[in-house]
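K.L.:
predicted coordinates and the sequence they were generated for:
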Amino acid sequence: MKKLLLIAATLLCALGMNATDFTGQLTVKINEDVARQQATITLVDNGDNTYSFSLNNFVLDVGTQKIGVGNIALPNLTGTEGYGFTNIATKQDVTITAGDDPEVPVWIGPGLGPVPVDLQAAFNDNTISVTIDIDMVSVLGQMIKVNFVAAKPATGGSTDANGDGKTDVEDINTVINAVLGK
């Protein structure tokens with residue numbers, strides 16, 4: 001029994017060590033209206049070349065109004081490597097679950113049913129760029145486009161994205177090409 005508990009605790013610790021939180025700028029465009037805010041996206045490396053993506057307790061800031069959306073989770077997305085980035089992409093219907101922030105009285109996401117999500121992301125240990133398109137025209141008359149970018153502060157690491165031993169404009173091109181999937 002003690003061995004089983006030790007194995008379970010070790011597995012939980014290992015899973016926790018593979019999660020990376022990125023906090024950055026989230027832009028949501030609904031039809032022609034744009035809202036910008038800080039948000040946190042979590043990526044979990046599942047250890048088998050797949051990643052789990054989540055945006056938890058998502059609250060849309062619209063002017064002075066806050067709309068509780070909920071948790072958006074996309075598990076087991078296959079990663080491909082290129083130009084120093086891991087790329088994930090998926091088109092699937094997602095059921096948004098209620099968040100657990102006690103300051104949000106209502107979460108509208110669970111009432112939407114399956115939501116069609118088209119996600120593309122490029123990331124490494126320090127940077128992430130995400131685009132999410134949600135076509136809700138038939139249900140709500142809305143096309144929703146989400147962009148998220150975040151970079152962790154440098155901790156003495158390199159900004160040499162293409163691995164040529166120097167930081168220059170080619171590193172910017174490498175990042176742009178990775179985001180575009182080239």
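P.N.:
Great, that's in hand. Just so it is clear, the structure is predicted and the values come from calculations on it, not from any experiment. Residues are numbered from 1 along each chain as shown.
K.L.:
what sits against the residue nearest the centre of the chain?
P.N.:
Compute the mean C-alpha point of the chain, and by CA atoms, centre = their mean the closest residue is residue 41, 4.3 Å away. By CB atoms under 8 Å, 6 or more residues apart in numbering, the contact set of residue 41 is 21-22, 24, 53-55, 128, 130, 148, 150. No exception for glycine: its C-beta is placed from N, CA and C like everyone else's.
K.L.:
that one bridge partners, please.
P.N.:
For residue 41, the beta-bridge partners are residue 22 (DSSP bridges).
K.L.:
can you give me the helices in this structure?
P.N.:
Assigned by DSSP state H, the chain shows helices spanning 2-17, 137-140, 169-180.
K.L.:
quick one, strands of this structure?
P.N.:
Using DSSP state E, the strands of the chain run over 19-30, 33-45, 50-62, 65-78, 80-82, 85-95, 114-123, 127-136, 142-151.
K.L.:
can you add distance to residue 170 and give the ones you listed back as JSON lines?
P.N.:
JSON lines is the format used below for the strands of the chain (distance: least, CB to CB, whole Å):
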{"stretch": "strand 19-30", "distance to residue 170": "24"}
{"stretch": "strand 33-45", "distance to residue 170": "26"}
{"stretch": "strand 50-62", "distance to residue 170": "27"}
{"stretch": "strand 65-78", "distance to residue 170": "28"}
{"stretch": "strand 80-82", "distance to residue 170": "15"}
{"stretch": "strand 85-95", "distance to residue 170": "15"}
{"stretch": "strand 114-123", "distance to residue 170": "17"}
{"stretch": "strand 127-136", "distance to residue 170": "16"}
{"stretch": "strand 142-151", "distance to residue 170": "18"}
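K.L.:
got those as JSON lines, with distance to residue 108 and mean pLDDT columns?
P.N.:
Compiled in JSON lines, these are given as follows (distance: least, CB to CB, whole Å; pLDDT from 0 to 100):
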{"stretch": "strand 19-30", "distance to residue 108": "13", "mean pLDDT": "92"}
{"stretch": "strand 33-45", "distance to residue 108": "15", "mean pLDDT": "92"}
{"stretch": "strand 50-62", "distance to residue 108": "9", "mean pLDDT": "91"}
{"stretch": "strand 65-78", "distance to residue 108": "6", "mean pLDDT": "93"}
{"stretch": "strand 80-82", "distance to residue 108": "34", "mean pLDDT": "93"}
{"stretch": "strand 85-95", "distance to residue 108": "13", "mean pLDDT": "96"}
{"stretch": "strand 114-123", "distance to residue 108": "11", "mean pLDDT": "95"}
{"stretch": "strand 127-136", "distance to residue 108": "12", "mean pLDDT": "93"}
{"stretch": "strand 142-151", "distance to residue 108": "13", "mean pLDDT": "92"}
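K.L.:
among those, which comes closest to residue 101?
P.N.:
Shortest distance between residue 101 and the strands of the chain, using CB to CB, is found for strand 50-62: 4.6 Å.
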